[in-house]
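Q: Predicted coordinates and the sequence they were generated for:
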Amino acid sequence: MKMEINKTIDVPREFVFEKIIDSGLYDIERQTGKRPKVMNMTGFSYVKTFGKNQSGTIKFDEVSGPSVYAFTTTTQRNTFHTRWELHKIDDRSTNIIITEQQESNGFFQKLNDIAVGFVLGRIKKRQVIAMIDAIEKAYNGR
């Protein structure tokens, strides 16, 4: 399954990238006690706990500011490839393209993911759009 979001906001690309990076670094520090430098994030991985008895490995595939933030999340059930691309339109506007590709591990997991994927996919898409809107509001002071 694949999700794609394409949205343009009135926020400079550097501000968007900084907010995404801050969120990622906060999560890394919370999970590991470490805080890598942005220039060292590509290739960095850590184990994240998602809730009761669930965890996964997050590996940064490409972090090149202020344009790309890509990572892979691997759990027992699924692998998610997430990529944020930030395209500068002008000094004040950014086009954000987010793609997420989900791979299911095993036949029954694939069936389950297809069955619930449509509903959960829509919810996840709304959450990501709400996060983008929050970045825009933070920049514009609304």
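A: Okay, I see it. It should be emphasised that the depicted structure is a prediction, and the values quoted were computed from it without experimental measurement.
Q: Quick check: which ranges of the protein have low pLDDT?
A: 115, 142 (pLDDT under 70).
Q: center of it, which residue is that?
A: In the chain, the centroid-proximal residue (C-alpha atoms, centre = their mean) is Thr82; its distance is 5.5 Å.
Q: Break down the protein into its helices, ranges please.
A: Using DSSP state H, the helices of the chain run over 13-32, 107-140.
Q: what's the closest non-adjacent residue to the residue nearest to the centre of the chain?
A: Of all residues not flanking Thr82 in the chain, Glu100 sits nearest, at 4.7 Å (C-beta to C-beta, 6 or more residues apart in numbering). Every residue, glycine included, has its C-beta placed from N, CA and C.
Q: Check the contact between that neighbour and Trp84; I expect there is one.
A: No. Taking C-beta atoms under 8 Å as the definition, Glu100 is not a contact partner of Trp84, at 9.8 Å.
Q: Please name the residues that touch the residue lying closest to Thr49 once chain neighbours are set aside.
A: In space, Thr49 comes closest to Ser55 once its chain neighbours are excluded; the distance is 4.9 Å by C-beta to C-beta, 6+ apart. Ser55 is in contact with 47-49, 75, counting by C-beta atoms under 8 Å, 6 or more residues apart in numbering.
Q: out of those residues, which is most surrounded?
A: For the contacts of Ser55, counting by other C-beta atoms under 10 Å, the largest number of neighbours falls to Lys48: 17 neighbours.
Q: Next one: that one from Gln31, what distance?
A: From Lys48 across to Gln31, the span is 5 Å (C-beta to C-beta, to the nearest Å).
Q: Please apply the same query to Asn105.
A: Distance of Asn105 to Gln31, computed by C-beta to C-beta: 22 Å.
Q: And for Ser45?
A: 11 Å.
Q: cool, Gly43 as well?
A: 17 Å.
Q: Please identify which of these two sits among more neighbours.
A: Set side by side, Gly43 and Gln31 show more neighbours around Gln31, with 14 against 11, by other C-beta under 10 Å.
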